[in-house]
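J.: this one's sequence-less:
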């Protein structure tokens, strides 16, 4: 359950880890315009039966741009790869779940020089549907630390589901 | 819960409705090659708490080609529109659900002349991961009958989730 573990740690990191140190920030990651037209990599769902449903319950969809899709095939992600983790709340009608409001949009951008201090990837969480409001936690360095601790063959934790 | 209702009826139709009459078949709908690269319209999930989990449980993802995306914007679906309904089983780990094996791939193709007898749409279910094995039920006419009974502004029952 690598993905589920990652989801949980990602959510918990916002409340349990220390805030980023002043002056440690790298370049800002831009909002991933148009990502809803990119390839849908895979999905997961945190259901009402999960212990962390209140904070991370709902649908999680992963999208990748063309460069990142090359990465999913080869596990070497070229410069410019962008992976988006789209978090949505859910509605439950007698066990049939449908998508609700957006919780947040998490972004990973491959830029070896711009984000050398975080493994060559820039990380950012955007709040709900906002394209400009960046979450205060987790910080990009917290995102990186968690991905780095979970990686098996790179900082991108997911695999493409055919 | 229009989508959930449609899911249930679509699944039930395979076992409860009569088989298609000989000689009533229209042209065959082709397998939607490359649909996993198309736009992801929306998703739903039938959870273990749902009464029909055994037969339709898991993730349901909808994908649309470029023509169909025009249709989702305008609710007028141009010729060549293709909508794919991708059904996947699921695994449940303490309430965290992940995607499993493919149950079936349902396809709708807009072709007013080729499928005049079913509202200008061709319908087809493909079995599991097969690109050639067509499900015996529901038949295309059964698919049409159910969509036709549920329609509010057309035979495409879903809306695009931004």
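T.: Done, it's in. Remember, it's a predicted structure, so these values are computed and weren't measured experimentally.

J.: Report how many residues lie close to residue A:61.
T.: Using other Cβ atoms under 10 Å in any protein chain shown, the number of residues around residue A:61 comes to 23. (Each C-beta comes from the backbone N, C-alpha and C, glycine too.)

J.: Make sure it is actually in contact with residue A:88.
T.: Yes. Counting by Cβ atoms under 8 Å, residue A:88 is a contact partner of residue A:61 at 7.3 Å.

J.: Residues of chain A that sit close to chain B?
T.: Within reach of chain B by Cβ under 8 Å from any Cβ of the partner chain, chain A has these residues: A:1, A:3-4, A:7-8, A:36-37, A:39-40, A:42-51, A:53, A:59, A:61, A:63, A:90, A:92-99, A:161-162.

J.: Buried subset of those, written for ChimeraX?
T.: Here is the ChimeraX command that selects the buried residues among these (16 or more other Cβ atoms under 10 Å in any protein chain shown):
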select /A:3,4,7,8,36,39,40,42,43,44,45,46,47,50,59,61,63,90,92,95,96,97,98,99,161
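
J.: Can you pick out the ones from the residues of chain A next to chain B that are in strands?
T.: The strands, defined by DSSP state E, take in A:39-40, A:42-46, A:59, A:61, A:63, A:90, A:92-93, A:96-99 from the residues of chain A next to chain B.

J.: Spatially nearest residue to residue A:135, not counting backbone neighbours?
T.: With sequence-adjacent residues excluded and distances taken as Cβ to Cβ, 6 or more residues apart in numbering or on different chains, residue A:135 is closest to residue A:125, at 3.9 Å.

J.: List the buried residues in the strand or helix carrying the one you found.
T.: Per DSSP states H and E, residue A:125 falls inside strand A:121-127. For strand A:121-127, burial by neighbour count (16+ other Cβ under 10 Å) applies to A:121-126.

J.: what's the helix or strand just after that strand packed up against?
T.: Using DSSP H and E, the next helix or strand after strand A:121-127 towards the C-terminus is helix A:140-150. Judged by 3 or more Cβ pairs under 8 Å, 6 or more residues apart in numbering or on different chains; DSSP states H and E, helix A:140-150 is in contact with helix A:2-16, strand A:96-110, strand A:121-127.
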